[in-house]
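**Student:** the following block contains a protein sequence and its predicted model.
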Amino acid sequence: MSRNVPVGVHLTLQVWGEAYTSLLLQHCLPALLSPGNLPALAARFPCRLHVYTTARDEARIRSAALFSELDRLATVAFHRVEWDAVDDKYAALTSCNVRALGEAGAAGAPIVFLAPDTIWADGSLAAVARALEAGRRAVMQTGIRVVAGTALPVMRERFRPDERGVVVVPPRDLVRIALDHMHAYYRGWFWDAERFNRNPAQCYWRVGDEGLVARCFHLHPLMLYPEHPIASFVSTLDDDLPLQAIGRYESIHVVEDSDEVFHVDLADDTWRGGYKELPGGSSAAHLARWALIRTNLYHRRFLTHRIRIHDRACSPAWGAVEAASDVVVRDVGRRLAWHAIGPRARAALFGLTRRRLVEVLLRHRPGTPLVVPDRPWWWRPARRGISWFGADAAARLERARTSAIDAALGALFGINLAARAQGRRPSVRKPSAPRFKRVRRNLRVAGSRIAGAAHRLRRRITRRRRRAIRAAGRSR
């Protein structure tokens, strides 16, 4: 792997409102300033922190006791967020992230994504520094969302600040708290859950009381070092952004052990207001159906990584649990590969490559149709030849190409995201009607028909031979 080590690192943080600013100053920032986090990153790379906030919250952050320590480690740049933008929280977050990506891209620097309601284990940002020195362009990792009302009192008791106000949070202690105070939405991702979450962005397998094995479609991009400028992205940070920013999957570092990088997100018990459960419990078939609609090419490769989240040294029991999760992942992979045969064949026929589609998406303006100007080498002679059959035949050929582009985009970015990128409503196809089951059924029907036709042909040939033998006997 070619090493492209940057000369500096940008970090971005969006915070506004009294509740989130309090979480930042009381919990997130003290852990962020622990020796294995921002100090370790700043010791290897000059750091610039972009804080997107309101004027009122900026004054509060500047007056905090820890701000002087933060300002010593990184150049802090405040960017104003207007109140009218804050009304739509997710649109404001996306806008801030796009601005931060532009700032980092102009400086040729990677960017680290932080949040005010996240607590990072000591050593997490040191892992980012090691990944950058090794030539990696992304660090993808997972965390656990906890109930703030029960988890924060335990954290205050267990993690005491030093004389500067800095808090050191060991990874295994943070994992223990995460396991004990896991949010109900995340508990629905345990593979043996009675009320399995119908939105399986992650799946968990218990390993006794030691921790869990996580297999994840969606991972948080702690650090991204884009290969080219990113003007916008369609969905959230963990959706299409890594696929647009990084051209080679081998440049991505996926954290597979919580000892290296780990975080918890703080949320109220009412966050998401519960979840839709899957009737009948977990199944590889549902994971594959969900992945067809909700995941892109990189998400499906993230699932192949075994991620250990543990609060102590791993015992031999982990091997058996990981093997059980491998069985499910292989089944999901087979189902997805079966479904991808058609879109890949059509894309190859019309000369559509993954690199070309990503390039088109990078130049695409959200809400407008995606235009792929390239045509395969056979396009012009085929158009000339088919024009003899009338204008309708040429229109059908154009529609076939458009359909192939849609199928290729769906296989690459997921059906829903591909529709959103083109300004269409996302697919409402329910997971209970999987396409690969219909294709399999159609193939079985076609196979039985072919077998029946072959059987009838054999009988006809046999009868003719018998007639020929009888005729030869009579002639004698």
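**Tutor:** Great, that's in hand.

**Student:** where does the stretch 51-200 of the chain have low pLDDT?
**Tutor:** By pLDDT under 70, the weakly predicted segments of the stretch 51-200 of the chain are 83-88.

**Student:** mind running it again at 80?
**Tutor:** Residues of the stretch 51-200 of the chain that meet the criterion pLDDT under 80 lie in 82-91.

**Student:** ok, which stretches of the stretch 251-400 of the chain are strands?
**Tutor:** 252-254, 263-267, 307-310 (DSSP state E, counting those that start in this stretch).

**Student:** redo the ones you listed as TSV? Include mean pLDDT and mean neighbour count.
**Tutor:** C-beta: built from backbone N, CA, C; applies to glycine. Shown next, in TSV, are the strands of the stretch 251-400 of the chain (pLDDT from 0 to 100; neighbours: other C-beta atoms under 10 Å):
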stretch	mean pLDDT	mean neighbour count
strand 252-254	97	21
strand 263-267	95	22
strand 307-310	98	22
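
**Student:** these: which one's closest to A115?
**Tutor:** Nearest of the strands of the stretch 251-400 of the chain to A115, taken as C-beta to C-beta: strand 263-267 at 7.4 Å.

**Student:** dump the closest one to CSV, keeping only the CA atoms.
**Tutor:** Taking C-alpha atoms only, strand 263-267 is exported to CSV below (Å, rounded to 0.1, in the frame of the first residue of the first chain):
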residue,chain,number,x,y,z
HIS,A,263,-17.0,4.6,22.2
VAL,A,264,-20.5,4.9,23.7
ASP,A,265,-23.3,7.2,22.5
LEU,A,266,-25.6,8.7,25.1
ALA,A,267,-29.3,8.7,24.5
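
**Student:** what's it in contact with?
**Tutor:** Strand 263-267 has contacts (C-beta atoms under 8 Å, 6 or more residues apart in numbering) with 23, 27, 115, 117-121, 124, 141, 143-148, 151-152, 174, 177-178, 183, 220.

**Student:** what about those, which are in strands?
**Tutor:** If you go by DSSP state E, the contacts of strand 263-267 have 118-120, 141, 144-147, 220 in strands.

**Student:** and stretch 104-122, which residues are buried?
**Tutor:** Buried positions in stretch 104-122, judged by neighbour count with 16 or more other C-beta atoms under 10 Å: 104-105, 109-122.

**Student:** do the same with stretch 406-425
**Tutor:** Within stretch 406-425, judged by 16+ other C-beta under 10 Å, the buried ones are 406-422.

**Student:** before we move on, what about stretch 130-150?
**Tutor:** 130-132, 136-148.

**Student:** how about stretch 339-349?
**Tutor:** Buried, per 16+ other C-beta under 10 Å, within stretch 339-349: 339-340, 343, 346-347.

**Student:** could you dump those residues to JSON lines with pLDDT?
**Tutor:** Listed next are the buried residues of stretch 339-349 as JSON lines, based on pLDDT from 0 to 100:
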{"residue": "H339", "pLDDT": "81"}
{"residue": "A340", "pLDDT": "80"}
{"residue": "P343", "pLDDT": "80"}
{"residue": "R346", "pLDDT": "80"}
{"residue": "A347", "pLDDT": "81"}
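
**Student:** among the residues you listed, which lie within helices?
**Tutor:** Per DSSP state H, helices hold the following members of these: 339-340, 343, 346-347.

**Student:** CSV for the residues you listed, including distance to D259?
**Tutor:** Output for these, formatted as CSV (distance: C-beta to C-beta, whole Å):
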residue, distance to D259
H339, 36
A340, 35
P343, 39
R346, 45
A347, 41
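
**Student:** just curious, which of these is nearest to L397?
**Tutor:** Checking these against L397 by C-beta to C-beta gives R346 as the nearest, at 12.8 Å.

**Student:** surely D122 and L33 touch.
**Tutor:** No: the pair D122 and L33 fails to qualify as a contact (C-beta atoms under 8 Å) at a distance of 10.2 Å.

**Student:** neighbouring strands of the one helix or strand V76 maps to in the sheet, and parallel or not?
**Tutor:** Counting by DSSP states H and E, the element that carries V76 is strand 75-80. Here strand 75-80 has these sheet partners by DSSP bridges: strand 47-53 (parallel).

**Student:** helix, strand or coil: sort out V167 for me.
**Tutor:** Following DSSP: H, G, I helix; E, B strand; the rest coil, the label given to V167 is coil.

**Student:** the closest residue to it other than its chain neighbours: how many residues sit nearby?
**Tutor:** Once flanking residues are discounted, V167 sits nearest to P30: 4.0 Å by C-beta to C-beta, 6 or more residues apart in numbering. Look at P30: counted by other C-beta atoms under 10 Å, it has 23 neighbours.
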